[in-house]
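**Student:** A structural model of the following input is requested.
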Amino acid sequence: MRVICFKALEYRLLPDVSFLNERRAKYALEQLWKLVAGEADWDGPPVITFDGVDAATVNKLVGSPGAAVPWRRVAEFAPPGWVNPLDTQELPALFETTGSPAQMHSFPMDLVAATFVLLTRWDEWKAPLPDRFGCQEELASLAGHNGFRHRPVLDEWALVVRAWIKKYRPTWSESLSGYRVEISHDIDILSYYKNSGRVARSMAKALIKDRRGVGATVGALQVGIRALRNPLQDPCVAAFQRLMDFSESRGEEGTFFFMSARPSQYDDGYRLDTPAFSHVLGSIRARGHHCGWHPGYAAAEDDMVFADEYQRITRALDARAIPVRHHFLRWRAGYSWRRLATYGIPYDASLGYNYSSGFRASTCHHYDAYDLENDVALNLKVRPLIAMDGPLQRDSLPVSSNVATLSERCRRVSGNFSIVIHNYSLMSDGRLLADIDDGLREKG
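**Tutor:** Below is the predicted model:
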């Protein structure tokens with residue numbers, strides 16, 4: 001047996017039997033400690049032990065959609081008298097093992113293996129199932145098969161582990177950064193009214209699809225003509241000011257992810273040498289907000305396209321170490337992070353869902369990326385994406401209700417509620433920012 005220790009945590013694995021090898025176990029232990037304790041230190045021997053689950057168990061759960069993770073009452077795993085701060089009494093028991101924290105300090109789940117699988121998206125890498133855009137099918141994952149996409153389960157189990165540590169060392173305290181809202185904007189299109197065809201399309205939408213009458217149709221024509229004459233009056237360009245106002249009203253600094261892709265079926269291909277771009281870029285910087293890069297559709301898989309777009313965006317922003325979120329969230333397990341780290345990208349914000357809201361990595365905390373191909377941690381941070389305006393607007397529940405639920409789950413585990421609001425969304429939904437704000441304020 002090989003025993004690996006990190007701070008207050010201990011992991012016991014059997015070489016050639018356990019799912020994790022030593023290198024992966026060290027990475028996962030360190031990430032789990034950060035979820036449990038944040039930046040808190042530890043002196044003395046470990047007080048919580050995890051036994052390594054065997055590889056067959058993990059492979060069966062990942063490779064067999066019918067294989068279910070059991071849900072257990074949280075109270076069964078927590079210290080006596082612990083008050084559950086979550087909005088659930090049950091959580092998925094990820095990779096159960098034998099043991100009793102009350103008697104042997106041995107936690108009855110291999111949370112280290114669970115941390116590795118869920119943070120690295122090992123299940124997507126091991127059993128890929130692409131959708132029509134080449135993204136992983138959202139239900140084709142451990143979380144999707146077992147119904148916990150909408151819960152930060154790693155953070156929630158970390159609360160239980162933290163409670164046991166405090167039971168054994170009452171004077172110890174965690175050091176987490178605390179709950180915050182991270183607001184960002186993917187700029188798929190810089191301006192809507194690029195030509196007369198867009199004006200005609202806007203008029204047709206107002207008259208036929210939205211049935212808003214002649215007055216609204218004439219209004220769309222007038223807006224389009226003004227935008228063609230002066231691009232700074234385009235509603236998508238004007239939206240930048242409203243988005244910055246929204247972030248500032250919450251005491252936050254927004255991040256705007258700009259594209260540098262050339263025109264294609266899935267990329268608008270807007271130029272970065274226009275007065276409109278110079279105007280919004282200057283305004284963003286003057287008001288203390290931030291810029292990032294939104295690599296185009298083909299860049300997700302084509303290294304030459306990626307390199308070309310990188311050169312274009314770094315010239316436009318006059319910066320090289322810029323954060324990234326992939327267009328269509330076309331992130332690839334075992335590949336994308338390695339390439340981003342090679343380019344010196346500080347963090348990736350691509351890990352989220354296209355069609356729903358939730359916790360694709362089962363956490364709402366930042367963490368270190370990992371190269372599954374080469375079995376090594378990377379000098380790259382991951383900032384999970386929790387919610388996007390499109391799925392929120394299409395959901396049967398009100399935007400404010402979904403935002404309230406998801407942000408509250410982030411708050412209870414001192415995590416980050418990361419939300420994307422597109423500039424073009426404000427054209428069709430005048431209530432969007434107010435609804436999001438209502439949701440964020442609902443729980444205080």
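**Student:** report how many residues lie close to the residue nearest to Tyr168 when sequence neighbours are not counted.
**Tutor:** Counting by C-beta to C-beta, 6 or more residues apart in numbering, Tyr168 lies nearest to Val47, which is 4.4 Å off, once chain neighbours are set aside. Placement of C-beta: from N, CA and C, glycine included. If you count neighbours by other C-beta atoms under 10 Å, Val47 ends up with 19.
**Student:** can you check Gly282 too?
**Tutor:** By the criterion of other C-beta under 10 Å, Gly282 has 10 neighbours.
**Student:** would you mind measuring from Lys7 to Tyr193?
**Tutor:** 56 Å (C-beta to C-beta, to the nearest Å).
**Student:** neighbour-wise, which of those two wins?
**Tutor:** Just comparing Lys7 and Tyr193: by other C-beta under 10 Å the higher neighbour count belongs to Tyr193, 24 against 21.
**Student:** correct me if wrong: that one contacts Asp234.
**Tutor:** Yes. Using C-beta atoms under 8 Å, Tyr193 makes contact with Asp234 at a distance of 5.4 Å.
**Student:** so what's the residue nearest to Tyr168 up against?
**Tutor:** Ala8, His105, Trp164, Ile165, Tyr168, Arg169 (C-beta atoms under 8 Å, 6 or more residues apart in numbering).
**Student:** the residues you listed, buried ones only, as a PyMOL selection?
**Tutor:** Listed next is the PyMOL selection for buried residues among these, using 16 or more other C-beta atoms under 10 Å:
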select buried, resi 8+105+164+165
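**Student:** can you put the contacts of Val47 in TSV and add distance to Glu301, pLDDT and secondary structure?
**Tutor:** Output for the contacts of Val47, formatted as TSV (distance: C-beta to C-beta, whole Å; pLDDT from 0 to 100; DSSP: H, G, I helix; E, B strand; the rest coil):
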residue	distance to Glu301	pLDDT	secondary structure
Ala8	42	98	coil
His105	46	90	coil
Trp164	44	97	helix
Ile165	43	97	helix
Tyr168	48	95	helix
Arg169	48	96	coil
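**Student:** mind putting the contacts of Val47 into a markdown table with distance to Gly344?
**Tutor:** Output for those, formatted as a markdown table (distance: C-beta to C-beta, whole Å):
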| residue | distance to Gly344 |
| --- | --- |
| Ala8 | 33 |
| His105 | 42 |
| Trp164 | 39 |
| Ile165 | 36 |
| Tyr168 | 41 |
| Arg169 | 39 |
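**Student:** out of the contacts of Val47, flag the one nearest to Ala298.
**Tutor:** Comparing the contacts of Val47 against Ala298 with C-beta to C-beta places Ala8 closest, at 46.1 Å.
**Student:** surely that closest one meets Ile165?
**Tutor:** Yes. Between Ala8 and Ile165 there is a contact under C-beta under 8 Å: 5.3 Å.
**Student:** intersection of neighbour lists for the two?
**Tutor:** Joint contacts of Ala8 and Ile165 (C-beta under 8 Å, 6+ apart) are Val36, Ala37, Val47, Ile48, Trp172.
**Student:** any idea how far the nearest residue to the first one once chain neighbours are set aside is from Arg242?
**Tutor:** Ranked by C-beta to C-beta, 6+ apart and with sequence neighbours excluded, the top spatial neighbour of Val36 is Ala158, at 4.5 Å. Ala158 is 37 Å from Arg242, where distance means C-beta to C-beta.
**Student:** who's more crowded, these two?
**Tutor:** The neighbour comparison of Ala158 against Arg242 (other C-beta under 10 Å) goes to Ala158, with 26 against 14.
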